[in-house]
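[1] sequence-free structure coming up:
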């Protein structure tokens with residue numbers, strides 16, 4: 001009985017209290033081209049796009065670091081994660097020739113880009129430039 005009550009309380013917690021903005025997480029996995037168009041290209045907020053691969057060692061370091069830094073921006077920017085093996089068409093369209101490749105997009109346009117791993121200070125500068133802070 002106590003477990004059910006605890007579960008009900010957890011489920012009743014508003015999405016904001018769980019670290020999301022307006023009920024949506026700050027990072028998401030792109031499902032397909034249509035999803036990318038809707039959630040990235042047509043986004044009202046700036047978007048950081050992380051092109052990565054499961055087999056990529058540096059991606060495994062950069063991904064969580066970047067996700068953490070995006071979450072710190074408190075909803076001013078969102079992060080889209082694109083697995084290049086699942087979405088080769090998007091990787092080709094955005095001229096991704098190495099992973100990790102990270103794009104900064106605003107109003108559907110690529111406004112900045114980097115390839116490789118970055119430390120937290122470099123990521124913070126990248127994000128601040130994107131959101132105009």
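    Structure received. Remember, predicted model here, so these are calculated numbers, not experimental data.
[2] State the pLDDT value of the nearest residue to residue 106 once chain neighbours are set aside.
    Spatially, and ignoring its direct neighbours in sequence, residue 106 is nearest to residue 46 (4.8 Å; C-beta to C-beta, 6 or more residues apart in numbering). C-betas here are computed from N, CA, C, even on glycine. We have a pLDDT of 97 for residue 46.
[3] Quick check: buried residues in the longest helix along the chain?
    Among the segments of the chain that qualify as a helix by DSSP state H, the longest is helix 57-71. Buried residues in helix 57-71, counted by 16 or more other C-beta atoms under 10 Å: 59, 62, 63, 66, 67, 69, 70, 71.
[4] Which one of the residues you listed is nearest to residue 105?
    When the buried residues of helix 57-71 are ranked by distance to residue 105 (C-beta to C-beta), residue 70 comes first, at 13.0 Å.
[5] where in the chain is pLDDT low?
    The chain contains residues with pLDDT under 70 at 1-24, 133.
[6] what about the longest helix of the chain, distance to the chain center?
    9 Å (C-alpha atoms, centre = their mean, to the nearest Å).
[7] same question, stretch 121-133
    Its chain's average C-alpha position is 14 Å from that of stretch 121-133, according to C-alpha atoms, centre = their mean.
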